[in-house]
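>>> Sequence plus predicted model, see below.
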2 protein chains.
Amino acid sequence: MLSQVVELIENKNKFGITTHIKPDGDGVGSSLGLYWLLRSLGKEAEVIVHGDVPQSYRSLPGAEMIRDVRSIDREYDAVFVIECSDVSRPGIEGLEKQFTVNIDHHSTSEHFGTVNWIDSTASAVGEMIYNLCKAIGGKITREIAECVYMALVTDTGSFHFSNTTDRTLKVASELVKAGVKPAEISEAVYNNYPWSRVELMRQVVATIKRHDNGRIATMRQTLEMRRIAGAVDGDNNGFVNIPLAAREVVASVYMREVGEGKYRVSLRSKGDINVARVAEKFGGGGHNNAAGLSIEGDWDTAEAEIVNKLRIEINQYDINSTEAD
Amino acid sequence: MLSQVVELIENKNKFGITTHIKPDGDGVGSSLGLYWLLRSLGKEAEVIVHGDVPQSYRSLPGAEMIRDVRSIDREYDAVFVIECSDVSRPGIEGLEKQFTVNIDHHSTSEHFGTVNWIDSTASAVGEMIYNLCKAIGGKITREIAECVYMALVTDTGSFHFSNTTDRTLKVASELVKAGVKPAEISEAVYNNYPWSRVELMRQVVATIKRHDNGRIATMRQTLEMRRIAGAVDGDNNGFVNIPLAAREVVASVYMREVGEGKYRVSLRSKGDINVARVAEKFGGGGHNNAAGLSIEGDWDTAEAEIVNKLRIEINQYDINSTEAD
């Protein structure tokens, strides 16, 4: 818990900080926010991540110092592990032998750390880093503020998702007071793609189809589209949400061809429609309104199976609503 | 100023509230927020608007009571005029003869009111309504909170635009505390379109072109596309921003055919690129990063003229930057 984290920061000096592979804004932002907090307290610290930092987060202060690491190669008094369900998620060998501090806002955390601080009421680990800074009597510097703001913005979908609380917005307000320019963070996240995103989008939106009286929409991204667009990973961020703009669409399916007859599928839904339950039927998983799965075979058949399971889920919900009336 | 507004609310009893034609989220949200504040103080009040309330705002509490009015047909002690540069903007005859209270956050306001309260530091008039509620000692009810939150979200582009201050986010936090569900407001604004939006989008994104070494992007919406999609006004909201997701694009041009050889054009830009200056050259206007104009003639020629003026504007900026180094 928080008091333990405060105590160990006071008593130790040399810290590693890591997060999951393919880190998101909360992973990178919270890691760097913690880095700047530790540095402001006169501690030694470094952020180590398996692989590259995505373009969107490279403008954050300190991002250029993040080291791409596959195994623990330095000595630390403790290693912070940010937003990971288990110790293998960072993909760093030898991490399990370290003194680890597991900081997460997912209630599903496996409490793998030597010390564990889990707060499922926080919208993002970034919010927890802010709380840590306050608890330790640290100053919210401009560096800390920018990194933590990035964490909040990305994990709440710009304060849209249902995890956005009055506390989240209060923290965001304090961060702006500390020097964050919200427009600059948004620019870095949403307007920082290569042109190939636009090329890919125009091909993908051409494939949007409606099913089940317009309640379900599907989209397809072929390997060929990716090649034509010259697309890179992440270029399709958010495309799955495009059909949800239509009020009658309650679930969206984004099927991405990843090999011969192999597809990676993203599901999104509105309100109470639980797409995690649908994803689980195909061996996938996720959250209520955002889930994913992998599937193989003929494209049309695979799509029909997913749409069918979604239809059952949606009808189930309709029945429940009616019964509740 | 604020104290005058507080005083007149205390001393008068029967209020009209109006805003500009084709009202946006700040217009509707602030009008209704003020309505609920006045009602909670035991005053008589009604919101009158010229024309329909856009779909996105119809779920706000009280929206169903907004009256479509073309001329003043009842007696009021005072009429609040929300977010209007001059008294003709609401398109309501006889308004100029009323005791009017001009509430606006644009410094360009013409101070046309009997009483004028202009606060250009506010991100939205919604923020001012919140301040009014506090100044008058009113309670932020759930109704007031939802309406004002809508105003903030829409006028700050979900807390993305540079008008987002620590004060904006602090107010947003208080509104969530008063019962706002941010996800519900977002859903109403962003996921409340007819399916025709998707049909229109797929046609429009197919027309995206790059100019000036990829720094300028253009898009076209023909009358024929609108017909094929069965599109309604507002279906293209935000399409102009799509190409700005590419980091090298600094200005975007959305040309919408409105008649034989007649186009309505939206311009958007990043950072310091001033598209209002470009729009003014064609008799249009707007803000630094968002402006509009009307143009006639051959489509390719008109587009080339706009792109050329944008190019000059962008180059101008490049030179200035270099000189500043």
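Good, I have the coordinates. Numbers count the residues shown, from 1 in each chain, chains lettered A, B, ... in the order given.
>>> and the stretch 51-200 of chain A, which residues reach chain B?
Proximity of the stretch 51-200 of chain A to chain B (C-beta under 8 Å from any C-beta of the partner chain) is limited to residues A:158-162, A:164-170, A:172-174, A:176-177, A:181-183, A:186-187, A:190-195, A:197-198. For the C-beta atoms, the positions are set from N, CA and C on the backbone; glycine is no exception.
>>> which other residues reach the helix or strand harbouring A:Leu8?
Per DSSP states H and E, A:Leu8 falls inside helix A:2-11. Residues outside helix A:2-11 that contact it (C-beta atoms under 8 Å, 6 or more residues apart in numbering or on different chains): A:15, A:38, A:41, A:43, A:78, A:101, A:103, A:115, A:117, A:119, A:131-132, A:135-136.
>>> List only buried entries from the residues you listed.
A:15, A:38, A:41, A:43, A:78, A:101, A:103, A:115, A:117, A:119, A:131-132, A:136 (16 or more other C-beta atoms under 10 Å in any protein chain shown).
>>> so how far is A:Glu127 from A:Gln221?
Relative to A:Glu127, A:Gln221 is positioned 33 Å away (C-beta to C-beta, to the nearest Å).
>>> and the contacts of helix A:2-11, which two are the farthest apart?
A:Lys43 and A:Asp119 (22.3 Å; C-beta to C-beta).
>>> Can you select the buried ones from the residues of the stretch 51-200 of chain A next to chain B in PyMOL?
Those of those that count as buried under 16+ other C-beta under 10 Å are selected in PyMOL with:
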select buried, chain A and resi 158+159+160+161+162+164+165+166+167+168+169+170+172+173+174+176+182+183+186+187+190+191+192+193+194+195+197+198
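>>> Just the ones of the residues of the stretch 51-200 of chain A next to chain B in helices?
A:166-170, A:172-174, A:176-177, A:182-183, A:186-187, A:190, A:197-198 (DSSP state H).
>>> coming back round to it: tilt between the helix or strand that comes right after the helix holding A:Leu8 and helix A:2-11?
Note on helix A:2-11: by DSSP H and E, the next helix or strand toward the C-terminus is strand A:14-19. For strand A:14-19 against helix A:2-11, the angle by axes from the mean of the first three to the mean of the last three C-alpha atoms, to 10 degrees is 140 degrees.
>>> Show me what the next helix or strand after strand A:14-19 is packed against.
Later in the chain than strand A:14-19, the nearest helix or strand by DSSP H and E is helix A:25-40. Judged by 3 or more C-beta pairs under 8 Å, 6 or more residues apart in numbering or on different chains; DSSP states H and E, the packing partners of helix A:25-40 are strand A:14-19, strand A:44-49, strand A:78-82, helix A:125-135, helix A:142-155.
>>> Give me the mean pLDDT for helix A:25-40.
Averaging pLDDT along helix A:25-40 yields 98.
>>> starting at the chain centroid, how far to that helix?
Its chain's C-alpha centre lies 16 Å from the corresponding centre of helix A:25-40 when counted by C-alpha atoms, centre = their mean, to the nearest Å.
>>> Ok, stretch A:56-63 next?
16 Å.
>>> Next, format the helices and strands packed on helix A:25-40 as TSV and append mean pLDDT.
Output for the helices and strands packed on helix A:25-40, formatted as TSV (pLDDT from 0 to 100):
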stretch	mean pLDDT
strand A:14-19	98
strand A:44-49	98
strand A:78-82	98
helix A:125-135	98
helix A:142-155	97
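>>> how much space between the closest residue in space to A:Asp298 that isn't next to it in sequence and A:Trp299?
Spatial nearest neighbour of A:Asp298, excluding adjacent residues (C-beta to C-beta, 6 or more residues apart in numbering or on different chains): A:Gly261 at 7.1 Å. Distance, A:Gly261 to A:Trp299, by C-beta to C-beta: 8 Å.
>>> What of A:Gln316?
From A:Gln316 to A:Trp299 the distance is 26 Å (C-beta to C-beta).
>>> And stretch A:218-225, what's buried?
So for stretch A:218-225, counting by 16+ other C-beta under 10 Å, buried means A:218-222, A:225.
>>> Which members of the residues you listed are the farthest-apart pair?
A:Thr218 and A:Met225 (14.8 Å).
>>> For the stretch 201-325 of chain A, which segments count as helices?
A:223-229, A:275-280, A:299-324 (DSSP state H, counting those that start in this stretch).
>>> from the ones you listed, which stretch is densest packed?
helix A:275-280 (a mean of 22; mean count of other C-beta atoms under 10 Å in any protein chain shown).
>>> and the closest residue to A:Asp235 other than its chain neighbours, what does it touch?
Excluding the flanking residues, the one nearest A:Asp235 by C-beta to C-beta, 6+ apart is A:Arg197, at 4.2 Å. Going by C-beta under 8 Å, 6+ apart, A:Arg197 touches A:229, A:231, A:235-236, B:245-246.
>>> With pLDDT and distance to A:Val275 added, can I get those residues in CSV?
CSV is the format used below for the contacts of A:Arg197 (pLDDT from 0 to 100; distance: C-beta to C-beta, whole Å):
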residue, pLDDT, distance to A:Val275
A:Ala229, 97, 27
A:Ala231, 97, 25
A:Asp235, 95, 23
A:Asn236, 96, 18
B:Ala245, 97, 25
B:Ala246, 97, 30
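>>> Apply the buried test to these and list what passes.
A:229, A:231, A:235-236, B:245-246.
>>> intersection of neighbour lists for A:Gly261 and A:Trp299?
By C-beta under 8 Å, 6+ apart, no residue touches both A:Gly261 and A:Trp299.
>>> Report the entries of the buried residues of stretch A:218-225 that also contact chain B.
Okay, of the buried residues of stretch A:218-225, nothing touches chain B (C-beta under 8 Å from any C-beta).
>>> Just the closest of those to chain B, please.
Chain B lies nearest to A:Met219 out of those, by C-beta to the nearest C-beta, at 10.1 Å.
>>> if I look at the closest one, how far off is B:Thr207?
20 Å.
>>> Now the closest residue to chain B within the stretch 1-150 of chain A: closest residue in space that isn't a chain neighbour?
Distances between the stretch 1-150 of chain A and chain B by C-beta to the nearest C-beta are smallest at A:Gln55, namely 8.2 Å. In space, and not counting its chain neighbours, A:Gln55 is closest to A:Asn192: 5.7 Å by C-beta to C-beta, 6+ apart.
>>> Next, the contact list for that neighbour, please.
Counting by C-beta under 8 Å, 6+ apart, A:Asn192 has contacts A:55-56, A:59, B:245, B:247.
>>> Let's have the residues you listed in a markdown table, adding distance to A:Ala304.
Listed next are the contacts of A:Asn192 as a markdown table, based on distance: C-beta to C-beta, whole Å:
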| residue | distance to A:Ala304 |
| --- | --- |
| A:Gln55 | 36 |
| A:Ser56 | 35 |
| A:Ser59 | 43 |
| B:Ala245 | 32 |
| B:Arg247 | 38 |
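>>> among those, which two are most distant?
A:Ser59 and B:Ala245 (15.7 Å).
>>> Tell me how chain A divides into domains.
A:2-190, A:196-324 (automatic domain parsing).
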